[in-house]
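Asks: need a structure here:
(chains A and B)
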There are 2 protein chains.
Amino acid sequence: MADREKLPALLRVLNGERLDPPPIWIMRQAGRYLPEYRELRKRAKSFLDFCYSPSLATEAVMQPLRRFPLDAAILFSDILVVPDALGQKVWFVEGEGPRLEPLIGRDSWTLGDPAKAIQRLAPVYETVERIKANLDPSVALIGFAGGPWTVATYMLQGRGGDKDEARRAAYQSPRAVEDLLDALVETTAQHLAAQVRAGADCLQIFESWSEGLSPALFQKLIVLPTRKLVTRLRELGVTAPIIGFPRGAGAQIAAYAQETGITALGVDTQTPASYAFDVAPEGMALQGNLDPQTLVVGGEAMEDAAREVLIAFRGMPHIFNLGHGITPEATPENVEQLVRLVKSWA
Amino acid sequence: MADREKLPALLRVLNGERLDPPPIWIMRQAGRYLPEYRELRKRAKSFLDFCYSPSLATEAVMQPLRRFPLDAAILFSDILVVPDALGQKVWFVEGEGPRLEPLIGRDSWTLGDPAKAIQRLAPVYETVERIKANLDPSVALIGFAGGPWTVATYMLQGRGGDKDEARRAAYQSPRAVEDLLDALVETTAQHLAAQVRAGADCLQIFESWSEGLSPALFQKLIVLPTRKLVTRLRELGVTAPIIGFPRGAGAQIAAYAQETGITALGVDTQTPASYAFDVAPEGMALQGNLDPQTLVVGGEAMEDAAREVLIAFRGMPHIFNLGHGITPEATPENVEQLVRLVKSWA
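Replies: Residues are numbered from 1 along each chain as shown, chains lettered A, B, ... in the order given. You can find the predicted model right below:
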C-alpha cells in the first residue's frame, strides 16, 4: 500500500485506479503560450536543432512544471524526428508547419536502417535522462511518438493538411504503404523502447490523423500497425503503460480501443466520455478532453467547460487533459486557473 | 401498390424500404470532374452568378444525368446563398474557396430580413422548377441548404479552414451566436420550404462542419438548431423527407440521429455502417459512404471499396453515395464504372 501510494497519480490511473481529483497534464504544455518558451526557442537555429538539444529540450519540459502543479512531464520532441532519423529531409516553415521531401513521386521508398535511426536519436534519449533526473518523483514522465499512419502521411505527402494523397497511395500502392508502415512500426518501437530505458514511465502514441478513413482502411492503416507496434514494444520488454490517442477517429475509436492492445485511451474533444467508456475495455483509463479553445477564452466559459469534463468522466479512471494540444493563443493565467480548478475538484 | 412502385427509388428508401440494388446519387455530382461542367462554368462571371442563373444551374444539374443512370438530381446552388441573401458580402476565390466579410470583429451582427432574403433567392426556386420540368419522374429531386452551424462558421470567420474562431465566439458570445443561429434557422426553413414548393421531393441539410465540438457545444450549436429547423419546416407544412448529413460528427452522430427529427442520415466515410445503424432510430434510411478518393483511383481498388460499402449497408434502408463530395480529380469513367457496379448489385 505504501509503495502504491508513492506511485505518481498518473501511473495509478493508468493502472485502472479512479482518483478524485484526477491527475492532470496538458498536451503541448511546453509550448508557445509560455513567454519563457518563446525566449528559449530563440536559442536554437531550427526547430529540429531545438528538439535535438538535450539542454534546451529539458529546459522546455521543466518550464510548465515550475508554474503549475502538473502530474506529468512529457518529453519535448517531435513526431517527425523518426523520418528525419530515417534519412528523409524534414524542415519546419515558420507559421506553416513541417515540410518533408515527399515519398510520393519517388521511384522507390527506401528508408534508412532502424538501428542507425535510433543511434541518430541519441540526443532524445539523453533528454529523457536529464528530465528524469530533474523530476519530482510524484510527476510521471511520458515518452511519445507519432502513430505509424500519422507519420506515414507526412512522409508520403511531404506536409500536413488534407490526407487525400496519402489515402490515394494506400489504395494505389497498398504493398508499398504496408512496407512503409512496417518500417515505421519497427523504428517507432525501438524509439519508444529507448525512451523507456532512458527513464520514461509511460508512453503516448499520437495518431493525430485518424479521421476520414473508411473502416477497411482504418483497420489496415491504423489498427493493424498500432497492434504491431504495441506487440513489438512488449517483445522488446517494455512493460510501461501505453496511451493511444486516435484523434478524429469518431466511431472507429471502438476498434482502436479494443483491438490494438493499448493500455489507455486519449479522447478528443468531440468524443463523449460515455461513448469512450462504453467502447473501451473494462477498466481502461481515459484521458481528455477539454476543448483547447477554452484556454484562450478563459473565465467562466472555461470553468464551465472544465467542470463538464470532470462530471462526464466522473467514476471512470480519468486523466484530465485537453482534447487536442494547447494553442499559442492560450494564456498561462488560464492554465493556472484550470489546474487550480481541477486540483480542488472533489 | 402501383402508386408505390411509381415512386422514385430514392423516396421509397427514404420511406424506410430496403431496395436491392440501393438507389444511388453522388454528392457534388454536377461538378468539376465533368468536362462539360467546366465548359459551362465559363459562361458565368462569378460562381454566385452561376448559382443564380436558372438556365446555367439547370443545365449543370442535367449534365451528370445524361451520362449516368442516377436516382436523384440535386439542385445546383451553394450553402452560402443564404448569407448572401441576408446581405453579407460573399465571394469565391478561385482555388481557395469562399470568402465573406466576417461577423467577428463587427460591433453588431444585424442581418437582413428572412422574407426579403427569400425574395432575393427567387432564381434558386426558378431553377428548381426548371429542373423538375426536365426530370424523368423516376428521378428524385433533392433541395438543400447548409446546416445553421456550418453556415454560421463561414459567416463568423469569413472563411472555411479551422473553426477555432467560430468556436471561441460560441464560448465568448453565446447569446449573439444563438441569435445568429436562430436567424439562420428561420431563413433556412423558409429557403427549404420554397424549394419544396418549387418541386423538390426531399431535402438534404449539409452540416459539413460537425467535427471538433464538445458534447455541450454540439448540443447547442448542432442538435438544437437542427431540431428547430426541422420543427419549423414541419410548421411551414413541409412533409418532404429530410436527410441530415453531420459530416465529421463521430460518436455524436447518435445525438444527431436521435434528437433532431431528421428522416434519414447521411453517413461520412469514416463512420461504420453498423454504428450508424445501431444509433439511428428504427427504420431510418442511411446514405453513404464511399471514400471519394476511390473515384480518383478507380479500377479494382474502387470496386473493392464500393462492394465493401454495399455489403456493410446490406439489409438496411440504404442510399448509395459517397461519404463526402466528389473531387475535381475524379474521372467520369470511374463514376460510370461505379454506377454500373451498384446498379448490377444483387
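
Asks: Show me the strands in chain A, by range?
Replies: Along chain A, counting by DSSP state E, strands occupy A:72-74, A:90-93, A:97-100, A:140-146, A:202-207, A:242-246, A:264-266, A:285-290, A:318-322.

Asks: need the residues of the stretch 101-250 of chain A near chain B, please.
Replies: A:164, A:167-168, A:171-172, A:174, A:211-218, A:248-250 (CB under 8 Å from any CB of the partner chain). In this view, the C-beta of every residue, glycine as well, is placed from N, C-alpha and C.

Asks: Give me the buried entries from these.
Replies: Listed as buried from those are A:164, A:167-168, A:171-172, A:211-215, A:217-218, A:248-250; burial here means 16 or more other CB atoms under 10 Å in any protein chain shown.

Asks: Among the residues you listed, which pair sits farthest apart?
Replies: Spanning the widest gap among these are A:Q172 and A:G250, at 24.8 Å by CB to CB.

Asks: tell me the contacts of the residue located most distally from the centre of chain A?
Replies: Distance from the C-alpha centroid of chain A peaks at A:D107, with 31.9 Å (CA atoms, centre = their mean). Applying CB atoms under 8 Å, 6 or more residues apart in numbering or on different chains to A:D107 gives no contacts.

Asks: ok, now A:P148?
Replies: Neighbouring residues of A:P148 by CB under 8 Å, 6+ apart: A:181, A:184-185, A:188, A:221, A:225-226, A:229.

Asks: can you list these in CSV and add pLDDT and neighbour count?
Replies: Converted to CSV, the contacts of A:P148 look like this (pLDDT from 0 to 100; neighbours: other CB atoms under 10 Å in any protein chain shown):
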residue, pLDDT, neighbour count
A:L181, 97, 25
A:L184, 97, 28
A:V185, 98, 23
A:T188, 98, 27
A:L221, 98, 29
A:P225, 98, 23
A:T226, 98, 27
A:L229, 98, 26
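
Asks: Now do stretch A:110-129: distance to the chain's middle.
Replies: 18 Å (CA atoms, centre = their mean, to the nearest Å).

Asks: would you put the C-alpha positions of that stretch in PDB?
Replies: As requested, the backbone C-alpha atoms of stretch A:110-129 are provided in PDB (Å, rounded to 0.1, in the frame of the first residue of the first chain):
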ATOM      1  CA  THR A 110      14.000   3.000 -49.500                       C
ATOM      2  CA  LEU A 111      14.400   4.200 -45.900                       C
ATOM      3  CA  GLY A 112      17.300   4.100 -43.600                       C
ATOM      4  CA  ASP A 113      18.100   1.300 -41.100                       C
ATOM      5  CA  PRO A 114      16.000   1.400 -37.800                       C
ATOM      6  CA  ALA A 115      19.100   0.700 -35.700                       C
ATOM      7  CA  LYS A 116      21.000   3.600 -37.300                       C
ATOM      8  CA  ALA A 117      18.000   5.800 -36.800                       C
ATOM      9  CA  ILE A 118      18.000   5.100 -33.100                       C
ATOM     10  CA  GLN A 119      21.700   6.000 -32.900                       C
ATOM     11  CA  ARG A 120      20.900   9.300 -34.500                       C
ATOM     12  CA  LEU A 121      18.200   9.900 -32.000                       C
ATOM     13  CA  ALA A 122      20.600   9.500 -29.000                       C
ATOM     14  CA  PRO A 123      20.100  13.200 -28.000                       C
ATOM     15  CA  VAL A 124      16.400  12.500 -27.500                       C
ATOM     16  CA  TYR A 125      17.200   9.700 -25.000                       C
ATOM     17  CA  GLU A 126      19.700  11.900 -23.300                       C
ATOM     18  CA  THR A 127      17.000  14.500 -22.900                       C
ATOM     19  CA  VAL A 128      14.700  11.900 -21.300                       C
ATOM     20  CA  GLU A 129      17.500  11.000 -18.800                       C
END
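
Asks: Show me which positions of that stretch end up buried.
Replies: By neighbour count on 16+ other CB under 10 Å, the buried set for stretch A:110-129 is A:111-112, A:114, A:117-118, A:121, A:124-129.

Asks: Which single one of those is nearest to chain B?
Replies: Chain B has its nearest neighbour among the buried residues of stretch A:110-129 in A:L111, at 24.1 Å by CB to the nearest CB.

Asks: where's that closest one relative to A:L180, distance?
Replies: 8 Å (CB to CB, to the nearest Å).

Asks: cool, and A:A145?
Replies: Shown here: A:A145 relative to A:L180, a distance of 15 Å by CB to CB.

Asks: For the longest helix anywhere in chain A, buried residues please.
Replies: Counting residues, the longest helix in chain A under DSSP state H turns out to be helix A:174-198. Residues of helix A:174-198 classed as buried by neighbour count (16+ other CB under 10 Å): A:176-177, A:180-181, A:183-196, A:198.

Asks: Who are the packing partners of that helix?
Replies: helix A:81-85, helix A:114-120, helix A:122-134, strand A:140-146, helix A:148-157, helix A:164-172, strand A:202-207, helix A:224-235 (3 or more CB pairs under 8 Å, 6 or more residues apart in numbering or on different chains; DSSP states H and E).

Asks: What are the contacting residues of the longest one?
Replies: Helix A:122-134 is contacted by residues A:51-55, A:57-58, A:61-62, A:73, A:75-77, A:81, A:141, A:143, A:191, A:194-195, A:197-200 when judged by CB under 8 Å, 6+ apart.

Asks: likewise the shortest one?
Replies: The set of residues that contact helix A:81-85 without belonging to it, under CB under 8 Å, 6+ apart, is A:48, A:51-52, A:90, A:100, A:112, A:116-118, A:120-121, A:124, A:145-146, A:151, A:154-155, A:184, A:187-188, A:191.
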